[in-house]
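Visitor: Have a look at this prediction, sequence included:
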Amino acid sequence: MIKSHLPKTQVVIIGSGIGGCIAALALAPHYSVTLIDKAPVQQNKVGESLAPAAIRILKQLNLQHLLSDPRHIVGQGTLSYWGSDEPTLIDNLKNPDGFGWHLDRSYFENQLRAACHIANIHCIWPAQLNGSTMTSHGWEIEYESDSKTHRLMSDIVIDASGRHCVFARQQGIARHQFDKLMSIGFTANLNITKNVAIISHTDDSWWYSAPIHQSDLNPGAYQQKRIFSWYAEPHAIKKAQIHTPQVLLQHAQEVPGFQTLISQLDHSSATLHPMLAANSSKLESCSGNAWFAIGDSAISFDPLSSQGMFNAMACAIQLSELLIDKGLAHTDNQRIYQQQVDKIWQSYLAHRALYYKMVS
Ligand SMILES: Cc1cc2nc3c(=O)[nH]c(=O)nc-3n(C[C@H](O)[C@H](O)[C@H](O)COP(=O)(O)OP(=O)(O)OC[C@H]3O[C@@H](n4cnc5c(N)ncnc54)[C@H](O)[C@@H]3O)c2cc1C
């Protein structure tokens, strides 16, 4: 067989979000890993609430210190107005893993990127996946970087590109959407601090509010930046004609559990964020011939669960353990990984049905 003259890696990971970085860090002591991302630096993404159980995965990789950074706010729990006007406190004090976090999301993802550099992972960004072909030497990956087209060979591919699932889509794998949930939100500064998230159900939709990091607030001042998000069907959001943060703010004033927060809000600081897909969706197959999809690329959850980032970490670790244990080329890998993802998905669907039944 003629040897390929292209650069070679054992594992190529598309996407350096939380899932991609955790997989790279777990695999790097065992295999040569190349991590590709289209973003030069990680910008802020929506979603900041990290489940307490995430600390287990970070401990496994000796990265628990990342969460000690003061930019990440300790999450004491969630006040839930779900199916009742009386709030239920889901107190993290009672959680065996301890408190959760309201992450400074871009900072955390760049912390993970820095850890990948320290672990000598071959990191390429900005670099956008163009295409891929299975050859007799493995996957030939084509990507665009520095306005040039590059190619490399890899034994396996991990698609960690989030809801875009770029690699899986290029393989022609369908993605199934289980609902049409969308989100729209605003951030604003408040004159009080409250380190709990609030979830509140209203008619056919629900709301979320949580503290987020802001570097330009006076340290020590009783001030806080919070996100307020509305989750609803697209027709409901379009009908509300939200073109300014003030329109959304008016709706937020009516939400059970939000009144105190809104009364302490500096209206001039309110900034509207664009509408985003927040549906539950799943790839028809999360693995194939020498490729695997992890995190949002494989399955994406309703943000009500606050489990998306934890799921990305957990998928990354489960897949890495399988590939370390059985080797990259084992014929059972594809089937075992698919079963693992199916199990997570079934338990997520059951949990989600239970939650929505409480308000139907
Ligand atoms: C409105 C909303 C609120 C949410 N709130 C929460 C929350 O509070 N808590 C929580 O845990 N989860 C939340 N989530 C979900 C969470 O954000 C995702 O589950 C998480 O980002 C998944 O991580 P990931 O690494 O799989 O993918 P992503 O974070 O999407 O990372 C994918 C990476 O792939 C890169 N990429 C994409 N295309 C290409 C390409 N062609 N070439 C190269 N690179 C590419 C991107 O630049 C990106 O860095 C929320 C989601 C939404 C929509």
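Guide: All right, it came through fine.

Visitor: so where's the stretch 201-350 of the chain uncertain?
Guide: For the stretch 201-350 of the chain, the stretches flagged by pLDDT under 70 are 215-222.

Visitor: Residue numbers of it in contact with the ligand?
Guide: 276, 278, 295-297, 303, 306-310, 312 (Cβ under 6 Å from any ligand atom). C-betas here are computed from N, CA, C, even on glycine.

Visitor: mind giving me the domain ranges of this structure?
Guide: Domain ranges of the chain: 8-47+122-175+284-300+307-357, 182-277, per automatic domain parsing.

Visitor: From the chain's centroid, how far away is the first one?
Guide: Right, domain 8-47+122-175+284-300+307-357. Put simply, domain 8-47+122-175+284-300+307-357 sits 13 Å off its chain's centre (Cα atoms, centre = their mean, to the nearest Å).

Visitor: Same check on stretch 109-128?
Guide: How far stretch 109-128 lies from its chain's middle: 17 Å, per Cα atoms, centre = their mean.

Visitor: Show me the contact partners of that stretch.
Guide: Outside stretch 109-128, the residues within contact range by Cβ atoms under 8 Å, 6 or more residues apart in numbering are 9, 16-18, 21-22, 24-25, 28-29, 32-42, 45, 61, 63, 66, 69, 143-145, 150.

Visitor: Quick one: residues contacting whichever residue of the stretch 51-200 of the chain sits closest to the ligand.
Guide: Ranked by Cβ to the nearest ligand atom, the top residue of the stretch 51-200 of the chain for proximity to the ligand is residue 162, at 2.3 Å. Counting by Cβ under 8 Å, 6+ apart, residue 162 touches 15, 17, 19, 295-297.

Visitor: One more: residue 169?
Guide: Per Cβ under 8 Å, 6+ apart, neighbours of residue 169: residue 175.

Visitor: For it, I want the exact helix or strand it lies within.
Guide: Taking DSSP states H and E as the definition, one finds residue 169 inside helix 166-170.

Visitor: Averaged pLDDT, that helix. What do you get?
Guide: Mean pLDDT, helix 166-170: 97.

Visitor: Next, the buried residues of that helix.
Guide: The neighbour-count check on helix 166-170 (16 or more other Cβ atoms under 10 Å) flags 166-168 as buried.

Visitor: cool, and stretch 193-211?
Guide: For stretch 193-211, the neighbour count (16+ other Cβ under 10 Å) marks 194, 196-202, 205-211 as buried.

Visitor: Show me the strands in the stretch 101-250 of the chain, by range?
Guide: Taking DSSP state E, counting those that start in this stretch as the criterion, the stretch 101-250 of the chain contains strands spanning 122-124, 128-135, 138-145, 148-159, 175-177, 182-190, 196-202, 205-212, 224-232.

Visitor: If the spatially closest residue to residue 38 that is not a sequence neighbour is in a bridge, with which residues?
Guide: Among residues not flanking residue 38 along the chain, residue 128 sits closest, at 4.4 Å (Cβ to Cβ, 6 or more residues apart in numbering). Beta-bridge pairing of residue 128 under DSSP bridges involves residue 144.

Visitor: about what we covered before: quick check on the contacts of residue 162: which are buried?
Guide: Buried members of the contacts of residue 162, scored by 16+ other Cβ under 10 Å, are 15, 17, 19, 295-297.

Visitor: quick revisit: nearest to residue 282, out of the strands of the stretch 101-250 of the chain?
Guide: Across the strands of the stretch 101-250 of the chain, residue 282 has its closest neighbour in strand 175-177 (5.5 Å, Cβ to Cβ).

Visitor: model confidence over the closest one, on average?
Guide: Regarding strand 175-177, the rounded mean pLDDT is 97.

Visitor: before we move on, back to that, and the ligand, which of the buried residues of helix 166-170 reach it?
Guide: Among the buried residues of helix 166-170, the ligand is touched by residue 166 when using Cβ under 6 Å from any ligand atom.

Visitor: Format the buried residues of helix 166-170 as CSV; extra columns: distance to residue 264.
Guide: Formatted as CSV, the buried residues of helix 166-170 follow (distance: Cβ to Cβ, whole Å):
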residue, distance to residue 264
166, 42
167, 46
168, 45
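
Visitor: Residue 191: neighbour count?
Guide: Neighbours of residue 191 under the rule other Cβ atoms under 10 Å: 12.

Visitor: Do I have it right that it meets residue 264?
Guide: Yes - using Cβ atoms under 8 Å, residue 191 is in contact with residue 264, at 4.6 Å.

Visitor: Which parts of the stretch 1-150 of the chain are helices?
Guide: 18-27, 54-60, 105-118 (DSSP state H, counting those that start in this stretch).

Visitor: mind putting these in CSV, distance to residue 124 included?
Guide: Output for the helices of the stretch 1-150 of the chain, formatted as CSV (distance: least, Cβ to Cβ, whole Å):
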stretch, distance to residue 124
helix 18-27, 12
helix 54-60, 24
helix 105-118, 11
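
Visitor: burial measure for the nearest residue to residue 306 once chain neighbours are set aside, as a count.
Guide: Closest residue to residue 306 apart from its sequence neighbours, by Cβ to Cβ, 6+ apart: residue 49 at 4.4 Å. Neighbour count for residue 49, taken as other Cβ under 10 Å: 25.

Visitor: What score does residue 49 have for pLDDT?
Guide: For residue 49, the model assigns a pLDDT of 95.

Visitor: just the one 10 residues further on next, same as before
Guide: With respect to pLDDT, residue 59 scores 98.
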